[in-house]
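Colleague: Sequence and predicted model, in that order:
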Amino acid sequence: MSIQLGLINNLVVNEIAYEGAYLTDAQGNGEVFLKKEELPEGLSINQTLDVFVYEEQGNLTATTKTPIAQLGDFALLQVTSINKVGAFVDLGIGKELLVPFNEQKPKFELSRSYLVKLYLDKASQRLCGSSNLNKFVKQESDRIKKSQEVSIIVAGRTDLGFKVIVNNEFWGMIFTDQVFKPLFIGQKLQAYVAKVREDGKLDIRLSKPGVAGSSELSDVIYEKLVSENGVIHLGDKSDPVAIKKMFGCSKANFKRAIGHLFKEGKIDLAATKISLIK
């Protein structure tokens with residue numbers, strides 16, 4: 001396998017010089033330079049290193065620092081400078097990532113953070129970033145199923161709720177009535193598909209659907225009861241805002257979960273109180 005720009009590569013130390021080390025892939029192909037100040041103590045010829053490969057002044061360069069994101073990833077990155085070719089965002093390795101002006105939607109402002117996709121520019125073969133997310137995210141899913149667990153990245157807020165990128169590939173929506181904890185742009189979470197619409201668009205929820213979700217919430221409530229000496233002043237007549245504040249869930253899900261605990265004989269129920277049966 002050849003050396004891959006924009007990714008962490010496992011490379012072999014081919015030569016150690018005063019200015020640094022030269023690394024190749026396992027077959028001895030290609031060559032990247034690792035600066036002297038990043039050489040691990042006791043480094044030897046033929047030792048392997050995990051390094052991130054980027055381009056510096058037209059040459060492939062390696063770093064042992066871990067980047068915030070790699071080629072193909074979406075990440076929330078902060079703008080560090082802007083010049084005549086575009087904006088530069090912090091990648092966490094001391095080398096900024098270029099986001100060309102024509103890839104900025106909206107136009108970037110200094111010191112602000114934006115969700116960007118890391119891609120390889122075909123013309124220049126340079127690692128770049130883009131906030132024009134519709135170029136990389138599909139509007140309709142062709143292989144996601146209802147109730148499937150998925151990975152999501154929060155991409156933006158709308159009047160309906162939060163737009164999310166599902167499995168790094170498709171757009172999805174978490175509607176406002178399904179948001180029971182703080183969400184922020186760039187946040188990565190595990191979630192579940194509530195519905196696949198006829199047009200292929202995805203409705204996403206943060207909690208597990210059905211019995212599985214109620215059971216999981218029941219465990220959280222039970223642990224809270226134990227930590228609160230067996231009593232919580234919430235019940236099936238309590239204010240939904242108070243329930244959301246304590247457990248980050250809807251009142252309907254809360255009622256299902258405490259109903260599950262009641263049927264198991266673990267709690268007593270009152271209008272605004274639940275208590276452990278000891």
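Modeller: Now that the structure is in, tell me what you want to look at. Numbering: from 1, shown residues only.
Colleague: Show the subsequent helix or strand relative to the least confident helix or strand in the chain by mean pLDDT.
Modeller: Lowest by mean pLDDT, DSSP states H and E among the helices and strands of the chain is helix 210-227, with a mean of 74. Next along the chain after helix 210-227, taking DSSP states H and E as the criterion, comes strand 231-232.
Colleague: Packing partners of that following strand?
Modeller: Applying 3 or more CB pairs under 8 Å, 6 or more residues apart in numbering; DSSP states H and E, one finds that strand 231-232 contacts helix 210-227, strand 273-276. C-beta coordinates here come from the backbone N, C-alpha and C atoms, glycine included.
Colleague: now with 7 Å?
Modeller: strand 273-276 (3 or more CB pairs under 7 Å, 6 or more residues apart in numbering; DSSP states H and E).
Colleague: Give me the contacts around the strand it packs on.
Modeller: Strand 273-276 is contacted by residues Leu225, Gly230, Val231, Ile232, His233, Leu234, Gly235, Ile258, Lys266, Ile267, Asp268 when judged by CB atoms under 7 Å, 6 or more residues apart in numbering.
Colleague: show me what contacts the second one?
Modeller: Under the criterion of CB under 7 Å, 6+ apart, the contact partners of Gly230 comprise Ser275, Leu276, Lys278.
Colleague: how close does it get to Glu223?
Modeller: 12 Å (CB to CB, to the nearest Å).
Colleague: same thing with the third one?
Modeller: To Glu223, Val231 is 14 Å away according to CB to CB.
Colleague: Between these two, tell me which one has more neighbours.
Modeller: Neighbours were counted for Val231 and for Glu223 using other CB atoms under 10 Å; Val231 has more, 14 against 10.
Colleague: which residues of the stretch 101-250 of the chain score low on pLDDT?
Modeller: Along the stretch 101-250 of the chain, the parts satisfying pLDDT under 70 run over 209-215.
Colleague: quick one: the helices in it?
Modeller: For the stretch 101-250 of the chain, the helices defined by DSSP state H, counting those that start in this stretch cover 210-227, 240-247.
Colleague: Can you lay out the ones you listed as JSON lines showing distance to Phe136?
Modeller: Formatted as JSON lines, the helices of the stretch 101-250 of the chain follow (distance: least, CB to CB, whole Å):
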{"stretch": "helix 210-227", "distance to Phe136": "31"}
{"stretch": "helix 240-247", "distance to Phe136": "34"}
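Colleague: thought Ser238 was touching Thr272?
Modeller: Yes: applying CB atoms under 7 Å, one finds Ser238 in contact with Thr272, separated by 5.1 Å.
Colleague: neighbour count winner among the two?
Modeller: Shown here are Ser238 and Thr272; by other CB under 10 Å, Ser238 has more neighbours (19 against 13).
Colleague: how near is that one to Ala17?
Modeller: From Ser238 across to Ala17, the span is 69 Å (CB to CB).
Colleague: ditto for Ser207
Modeller: Computed as CB to CB, the Ser207 to Ala17 distance reads 56 Å.
Colleague: do the same with Met173
Modeller: 54 Å.
Colleague: These two: who's more crowded?
Modeller: Neighbours per residue (other CB under 10 Å) separate Met173 from Ala17, with Met173 holding more: 20 against 9.
Colleague: For the residue nearest in space to the middle of the chain, which non-adjacent residue is closest in space?
Modeller: With the centre of the chain defined as its mean C-alpha position, the nearest residue by CA atoms, centre = their mean is Lys188, 2.7 Å away. For Lys188, ignoring the flanking residues on the chain, the nearest one in space by CB to CB, 6 or more residues apart in numbering is Ile153 at 5.4 Å.
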